[in-house]
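In: sequence and predicted structure, then a few things I'm wondering about:
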Amino acid sequence: MADQITKRSENYSQWYSDLVVKADLAEQSSVRGCMVIKPYGYAIWEKMQRTLDDMFKATGVQNAYFPLFIPKSFFSKEAEHVAGFAKECAVVTHHRLMNDPGGKGVVVDPEAKLEEELIVRPTSETIIWSTYKNWIKSWRDLPILCNQWANVVRWEMRTRLFLRTAEFLWQEGHTAHATAQEAMEETERMVNVYADFARNYMAIPVIVGHKSPNERFAGALDTMTIEAMMQDGKALQAGTSHFLGQNFAKSFDVKFANKEGQLEYVWATSWGVSTRLMGALVMAHGDDNGLVLPPALAPIQVVMVPIYKTDEERSAIIAKMEEFKKALEAKGHSVKIDDRDTLRPGFKFAEWELKGVPVRMAMGPRDLAAGTVEVARRDNMTKTTVPLEGLEHSVEDLLADIQKGIYEKALAFRASNVEKCDDWEEFKAKIGTGKFLLCHWDGTAETEQKIKDETKATIRCIPVDSFVCEEEGKDIYSGKPSKQRVVFAIAY
RNA sequence: CUGGAUGUGGCGCAGUUGGUAGCGCACCUGGUUAGGGACCAGGAGGUCGAAGGUUCAAGUCCUUUCAUCCAGACCA
């Protein structure tokens, strides 16, 4: 482990990949474009899952599960949807293998060709709406608020651990409502759940807003998003919530009888976040010593490292630690004692820092004698020696302080990299330097596209909470009138 | 798919004008160590991505092919 994480400034994406691998989160699979999530990485994901799941359920959402395979005919019913995903679908064409007649392993049995090909879901709107058709008859059946935790497959051309893999884990919520207003409220409710989660658990400040028509989900009337700034100043779309209007209801012929007995099409939403959030966590907080995990999501909040020479010292210190661990666990903290006998303390310090554990406590013979423990914070790398007596009562405050500290650091970083910009030359000069630029936009897709072609920058969102700036102005590119500023950035 | 690069022990790399493969880390054994990534001694591990060709001789030269990475297009 002597080799350090590459400096972020030199090559950010290399730094990111190294960190993901060295912190033991995940690795590239030998399967094309896929990743293996390792136990430590998965533990973080599980914690995210549990937290989100509770948040969803608090809004009345229930979990369900729908098939992995989608018949091709379902998929092609919604025209925009199919156009958006057609280029990246894995397709099942056969259902059997056979021994190669030439004796070389196995081959696909040509006799076993499927009558209708099956698409491995890139998202589940189509299979779910073909199912909802059977569930919905009356206004009394609405709303339906379902979420599924699942894997999906998108055959992306270029992949990157967590950020864009051919297979990824996510949750997708799919809701059905009687009115447009209800559906729009649901869309907003869920994007706000994501924003709360990002801010309060991931400690990542995000901008909530609407996507421009160009950047919308395929088949949506409106897409809301949370946009986060990574440490290289690029934007990461961390979660989306879509108002699907009646598009899917019409494509799948899902109608309900309203209170007046008339048939109406159902209004829909869908919303999702994925293992990409893991990438966001790494890129938002990591430093050159490794990962920095917010206590709210850290699988291990406190790691204890014993320091000793003799077996007697070892057992005495570990006994003391076990006792203290119980006290901390009683307070709801997750604690690990690193009692590996073959590694030296300095090695363990470095390793747990690499893994981003928020608090490290070290105890040696000196501490044992004095009744103290060395407490080190991962977020600001400070160390203090404090009395062990009663310490369990202040760990909660310490973790809360670290959680807050990490958020505020990220917030300060973003604040220093968001600017208003009203001059096109200035825009071109600054956009590549890792800035979010708040600019006037005339609202046309043409202008947006031209800006993208010239600078690679896209409209990340039209903000609705942070950085809202509704004022008259002129489009940065076309000079046409504009009513509000939008967020431009280079995105992942 | 378009550009650029790289394939040599588990990982990271070196290998000169072709001469029969080496280093660091990791690993195994023993010992000394232990408050910030230990040290010493010994040891194990590779038909050099694959196929073909040139040659007395190929990691090195030629041809073909496969894979991976980076930058684009696409995207949660």
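Out: Structure's in. What do you need? In this text, all values refer to a predicted model and were calculated from it rather than measured experimentally.
In: could you list the domains of chain A?
Out: Per automatic domain parsing, the structural domains of chain A span A:12-285, A:302-402, A:418-489.
In: for the lowest-mean-pLDDT helix or strand in chain A, packing partners?
Out: Using mean pLDDT, DSSP states H and E, strand A:106-108 stands out as the lowest-scoring helix or strand of chain A, at a mean of 76. Taking 3 or more CB pairs under 8 Å, 6 or more residues apart in numbering; DSSP states H and E as contact, the helices and strands that strand A:106-108 lies on are strand A:97-99. The C-beta positions use only the backbone N, C-alpha and C, and glycine is treated the same way.
In: could you export the domains of chain A as JSON lines, including mean neighbour count and distance to RNA strand B?
Out: Below are the domains of chain A laid out as JSON lines (neighbours: other CB atoms under 10 Å; distance: least, CB to the nearest atom of the strand, whole Å):
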{"stretch": "domain A:12-285", "mean neighbour count": "19", "distance to RNA strand B": "3"}
{"stretch": "domain A:302-402", "mean neighbour count": "16", "distance to RNA strand B": "2"}
{"stretch": "domain A:418-489", "mean neighbour count": "17", "distance to RNA strand B": "5"}
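In: closest to residue A:408 out of these?
Out: Nearest to residue A:408 among the domains of chain A is domain A:12-285; the distance by CB to CB comes to 8.6 Å.
In: determine how far that closest one lies from the middle of the whole chain.
Out: In terms of CA atoms, centre = their mean, to the nearest Å, the centre of domain A:12-285 is set 12 Å apart from its chain centre.
In: just the endpoints, please. Distance across that domain?
Out: Its start and end residues considered, domain A:12-285 measures 13 Å (CA to CA, to the nearest Å).
In: what about residue A:238, which helix or strand?
Out: Secondary structure assignment for residue A:238, by DSSP states H and E: strand A:235-245.
In: by contact count, what packs against that strand?
Out: For strand A:235-245, the helices and strands in contact under the criterion 3+ CB pairs under 8 Å, 6+ apart are helix A:180-200, strand A:222-229, strand A:267-274, helix A:276-285.
In: low-confidence stretches in the stretch 51-200 of chain A?
Out: Within the stretch 51-200 of chain A, the segments meeting pLDDT under 70 span A:102-105.
In: for stretch A:425-444, give me every contacting residue.
Out: Applying CB atoms under 8 Å, 6 or more residues apart in numbering, the contact partners of stretch A:425-444 are A:207, A:212, A:229, A:232-235, A:414, A:417-422, A:447-448, A:454-457, A:459-460, A:467, A:469, A:473-478, A:480-482, A:484-490.
In: now tabulate the domains of chain A in a markdown table and tack on distance to residue A:293.
Out: Listed next are the domains of chain A as a markdown table, based on distance: least, CB to CB, whole Å:
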| stretch | distance to residue A:293 |
| --- | --- |
| domain A:12-285 | 7 |
| domain A:302-402 | 4 |
| domain A:418-489 | 23 |
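In: for the residue nearest the centre of chain A, give me the pLDDT.
Out: Nearest residue to the geometric centre of chain A (CA atoms, centre = their mean): residue A:277, 1.8 Å. Turning to residue A:277, the model gives it a pLDDT of 96.
In: likewise the one 10 residues further on?
Out: Residue A:287 carries a pLDDT value of 90.
In: what's the answer for residue A:365, then?
Out: Here the pLDDT value assigned to residue A:365 is 95.
In: residues in contact with the closest residue to it other than its chain neighbours?
Out: Once flanking residues are discounted, residue A:365 sits nearest to residue A:313: 5.4 Å by CB to CB, 6 or more residues apart in numbering. Contact partners of residue A:313, counting by CB under 8 Å, 6+ apart, are A:364-365, A:368.
In: please redo it, this time with the cut-off set to 10 Å
Out: Residues near residue A:313 by CB atoms under 10 Å, 6 or more residues apart in numbering: A:306-307, A:364-365, A:368.
In: quick check: the gap between it and residue A:68.
Out: Distance of residue A:313 to residue A:68, computed by CB to CB, to the nearest Å: 55 Å.
In: what's the answer for residue A:473, then?
Out: 48 Å.
In: residue A:98 too?
Out: Taking CB to CB as the measure, residue A:98 falls 24 Å from residue A:68.
In: with residue A:389 instead?
Out: In terms of CB to CB, residue A:389 sits 55 Å off from residue A:68.
In: do the same with residue A:267
Out: Using CB to CB, one gets 27 Å for the distance from residue A:267 to residue A:68.
In: try residue A:392
Out: From residue A:392 to residue A:68 the distance is 46 Å (CB to CB).
In: picking that back up, phi, psi of the residue nearest to residue A:365?
Out: Reported as degrees, to the nearest 10, the phi and psi values for residue A:313 are phi -60, psi -40.
In: hang on, the earlier thing: so which of the contacts of stretch A:425-444 are in strands?
Out: Counting by DSSP state E, the part of those found in strands is A:207, A:229, A:235, A:418-420, A:459-460, A:473-474, A:481-482, A:484-489.
In: can you list contacts of the least confident helix or strand of chain A?
Out: Residues from elsewhere that reach strand A:106-108, judged by CB under 10 Å, 6+ apart: A:93-101.
In: which residues of the stretch 351-492 of chain A fall in helices?
Out: For the stretch 351-492 of chain A, helices defined by DSSP state H, counting those that start in this stretch occupy the ranges A:365-370, A:395-415, A:424-431, A:445-455.
In: roughly how far is the longest one from the heart of the chain?
Out: Relative to its chain's centre, helix A:395-415 lies at 19 Å (CA atoms, centre = their mean).
In: now do that helix: which elements does it pack against?
Out: Packing contacts for helix A:395-415, counted by 3 or more CB pairs under 10 Å, 6 or more residues apart in numbering; DSSP states H and E, involve helix A:180-200, strand A:206-210, strand A:222-229, helix A:276-285, strand A:302-306, helix A:311-330, strand A:359-363, strand A:372-377.
In: touching stretch A:415-422 from outside, list them.
Out: A:205, A:207, A:229, A:231-233, A:408, A:426-431, A:433-440, A:466-467, A:469, A:473-474, A:476, A:485, A:487-489.
In: ignore what I typed, I meant stretch A:67-78.
Out: For stretch A:67-78, contacts defined as CB under 10 Å, 6+ apart pick out A:81-82, A:84-86, A:89, A:91-92, A:114-131, A:150-153, A:218-219, A:244, A:247-248, A:250-253.
In: the same query, at a cut-off of 8 Å, please.
Out: Against stretch A:67-78 from outside (CB under 8 Å, 6+ apart): A:81-82, A:85, A:89, A:91-92, A:116-121, A:124-127, A:130, A:150-151, A:219, A:247-248, A:251-252.
In: kindly report the same for stretch A:80-100.
Out: Applying CB under 8 Å, 6+ apart, the external contacts of stretch A:80-100 come out as A:69, A:72, A:75-76, A:105-114, A:117-120, A:122-123, A:125-126, A:153-156, A:217-219, A:247-248, A:251.
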